[in-house]
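**Q** sequence first, predicted coordinates after that:
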Amino acid sequence: MEHVLELRFALDTFYYLVCGALVMWMAAGFMMLEAGLVRAKNATEILTKNISLFCIAAIMYLLVGYAIMYGGPLLLHGIGQFDLASMLDASSRNGFGGDANYARGADFFFQVMFVATAMSVVSGAVAERMKLWVFLLFAMVMTAVLYPMEGAWTWGGRDVFGLFNLGELGFSDFAGSGVVHLAGATAALAAVLLLGPRRGKYNSDGTINAIPGSNLPLSALGTMVLWLGWFGFNAGSVFKLSDGNSANLVAMAFLNTHMAAVSGGVAALLMSRLLFGKADLTMLLNGVLAGLVVITADAVNPEPALAALYGALGGVLVVLSILGLDRLHIDDPVGAISVHGSCGILGLLLVPWANPDATLVGQLAGIAVIFLWIFLMSLLVWALLGKLMGLRASQEDEYNGLDVPECGMEAYPEFLRVKS
């Protein structure tokens, strides 16, 4: 019997680690998507931001964040120890609250990818105008404190400032439409409001100038990479694979994730044809991502047809949200606030439709807690960094691009440099 349980432990741990590796691959997707949607003169800087934030997130979550989110000692002392007795204890709890069928190190590895994903959302929204080191300092605070605190109130199960418990109100967020995506989008919104739009984006008469990205093939590749990684994001949140029920939930998570993505893409494509008379590739890409964000709130309970409907609603919403933010002169070069924020909220609101354990009151309370905590604290941190260092690059650096001033090199030197 013990041999069978140890085998299950090994299988579930391996499954969890592989899913974590898939989520890590999403970082490459964000990086490629954003690098393609910014102008060539800012590509190196945004690549630097994405790699750096990924490194910072892991360090800060190890030092501080994981302990805040789930309790326990800082630096995860004893994380590498294997205790068969604890594994056999069915009441032993670990990580997100699932049965302890996997090594604690796998739990940390999986979750540290989520905190990095939340911070990656911020990167694209502030592109082409924020100072690199200001962004990296904020990343330290976000991944060490801001994200772990709202994670403690949601996935960690702790009372919000000792006042009420979101779980008892019926809040449910399966893989992070709110905990990860809405949180990242909210931090981005706070920054964008303080930063202001890119120079030349909006005219004094209210008209909007399109600023095309430099490499749409790269953005399309980035979207496909994100799509692949998202299977680990959602299916990994089942936590295990070694029994029949879990295996079925994993299969549903894969299927529903895919159906939401394809439906989101088609819906956004049709919306762009209806509104612009053209098949807008950027809207198609954001529609796919919108469907993925929406289904992340509940990837296992809906039937595939319902998951497809969820994705389609996300595809419609993301187009309307991008256009609406533009009219409000809220400049988001990659559409991150709309994809992860607007669609994150939609995903949370749809959860009670298929999950009888979730309530609309609980979902609304969760949305309010995540948004208010992240927005107010992010606004404070961004404002303090602005006072100390200034948030925005100089007008000259913004005009010439941030690659050379911030990183000392160009992403495409053969194309940008004029040869005599």
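**A** Received the coordinates, thanks. Numbering: from 1, shown residues only.
**Q** use CA for all of it now, contacts and neighbours both
**A** Will do.
**Q** quick one, longest helix in the chain?
**A** helix 2-37 (DSSP state H).
**Q** helices or strands up against that helix?
**A** Applying 3 or more Cα pairs under 8 Å, 6 or more residues apart in numbering; DSSP states H and E, one finds that helix 2-37 contacts helix 43-60, helix 84-88, helix 104-125, helix 216-235.
**Q** share the number of residues neighbouring L193, please.
**A** Counted with other Cα atoms under 10 Å, the neighbours of L193 add up to 14.
**Q** if we can go back for a sec, go through the helices and strands packed on helix 2-37 and pick out the most buried.
**A** Ranked by mean neighbour count under mean count of other Cα atoms under 10 Å, the helices and strands packed on helix 2-37 are led by helix 104-125, which reaches a mean of 24.
**Q** buried ones in the helix or strand following that helix?
**A** Sequence order places helix 132-141 as the next helix or strand after helix 104-125, per DSSP states H and E. By neighbour count, with 16 or more other Cα atoms under 10 Å as the criterion, the buried positions of helix 132-141 are 132, 134-136, 138-141.
**Q** the helices and strands packed on helix 2-37 into CSV, with extra columns for mean pLDDT and distance to M389?
**A** What follows is the helices and strands packed on helix 2-37, written out as CSV (pLDDT from 0 to 100; distance: least, Cα to Cα, whole Å):
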stretch, mean pLDDT, distance to M389
helix 43-60, 97, 17
helix 84-88, 50, 49
helix 104-125, 94, 18
helix 216-235, 97, 31
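**Q** could those be laid out in CSV, adding distance to L146?
**A** As requested, the helices and strands packed on helix 2-37 are exported to CSV (distance: least, Cα to Cα, whole Å):
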stretch, distance to L146
helix 43-60, 11
helix 84-88, 31
helix 104-125, 10
helix 216-235, 21
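**Q** between those, which one is nearest to V334?
**A** Nearest to V334, of all the helices and strands packed on helix 2-37, is helix 104-125, at 5.7 Å by Cα to Cα.
**Q** what's the angle between the closest one and helix 132-141?
**A** Taking axes from the mean of the first three to the mean of the last three Cα atoms, to 10 degrees, one finds helix 104-125 and helix 132-141 inclined to each other by 140 degrees.
**Q** same for helix 104-125, what does it pack against?
**A** helix 2-37, helix 43-60, helix 183-195, helix 336.
**Q** worst average pLDDT in the ones you listed?
**A** The weakest mean pLDDT among the helices and strands packed on helix 104-125 belongs to helix 2-37, with a mean of 92.
**Q** and that one, how far out from the chain's middle?
**A** 15 Å (Cα atoms, centre = their mean, to the nearest Å).
**Q** quick one: that helix to helix 43-60, angle?
**A** Using the same axes, to 10 degrees: helix 2-37 against helix 43-60 is 150 degrees.
**Q** the closest residue to N165 other than its chain neighbours: what's it in contact with?
**A** Computed as Cα to Cα, 6 or more residues apart in numbering, the closest residue to N165 that is not its neighbour in sequence is D159, at 4.4 Å. For D159, the contact set (Cα atoms under 8 Å, 6 or more residues apart in numbering) comprises 153, 165-166.
**Q** could you redo these as JSON lines and give each row secondary structure?
**A** Compiled in JSON lines, the contacts of D159 are given as follows (DSSP: H, G, I helix; E, B strand; the rest coil):
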{"residue": "W153", "secondary structure": "helix"}
{"residue": "N165", "secondary structure": "coil"}
{"residue": "L166", "secondary structure": "helix"}
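**Q** in the stretch 301-420 of the chain, which spans are strands?
**A** For the stretch 301-420 of the chain, no strands are identified by DSSP state E, counting those that start in this stretch.
**Q** so where's it uncertain?
**A** Within the stretch 301-420 of the chain, the stretches with pLDDT under 70 are 415-420.
**Q** how does it look with 90?
**A** Of all residues in the stretch 301-420 of the chain, those with pLDDT under 90 make up the ranges 412-420.
**Q** that one: helices as residue ranges?
**A** Secondary structure of the stretch 301-420 of the chain by DSSP state H, counting those that start in this stretch: the helices cover 304-327, 336, 343-354, 360-389, 395-400, 413-416.
**Q** which residues in the stretch 151-300 of the chain form helices?
**A** Going by DSSP H, counting those that start in this stretch, the stretch 151-300 of the chain shows helices at 166-169, 183-195, 216-235, 244-276, 281-296.
**Q** measure A10 to A251 for me?
**A** A10 sits at a distance of 20 Å from A251 (criterion: Cα to Cα, to the nearest Å).
**Q** er, F109 I mean
**A** F109 is 22 Å from A251, by Cα to Cα.
**Q** same check, this time on W153
**A** 29 Å.
**Q** with neighbour numbers in mind, choose between those two.
**A** More neighbours surround W153 than the other of W153 and A251, with 24 against 15 (other Cα under 10 Å).
**Q** correct me if wrong: the more buried one contacts V160.
**A** Yes: between W153 and V160 a contact is recorded at 5.6 Å, counting by Cα atoms under 8 Å.
**Q** which neighbours do those two share?
**A** Contacts common to W153 and V160, judged by Cα under 8 Å, 6+ apart, are L166.
**Q** who are the contact partners of V160?
**A** Contacts of V160 (Cα under 8 Å, 6+ apart): 153, 166.
**Q** bridging residues for it?
**A** Under DSSP bridges, the beta-bridge partners of V160 are F164.
**Q** and for R273, the neighbour number?
**A** For R273, using other Cα under 10 Å, the count is 13.
**Q** for it, which non-adjacent residue is closest in space?
**A** Nearest to R273 is A279, by Cα to Cα, 6+ apart, at 5.4 Å.
**Q** from A58, how far off is the one you found?
**A** Applying Cα to Cα to A279 and A58 gives a distance of 39 Å.
**Q** one more: R392?
**A** Taken as Cα to Cα, the span from R392 to A58 is 26 Å.
**Q** with W227 instead?
**A** W227 is 22 Å from A58, by Cα to Cα.
**Q** the closest residue to E410 other than its chain neighbours and T223, how far apart?
**A** Distances taken as Cα to Cα, 6+ apart place D403 nearest to E410, at 5.6 Å, with adjacent residues excluded. Using Cα to Cα, D403 is found at 23 Å from T223.
**Q** check K41 too.
**A** For K41, the distance to T223 equals 21 Å [Cα to Cα].
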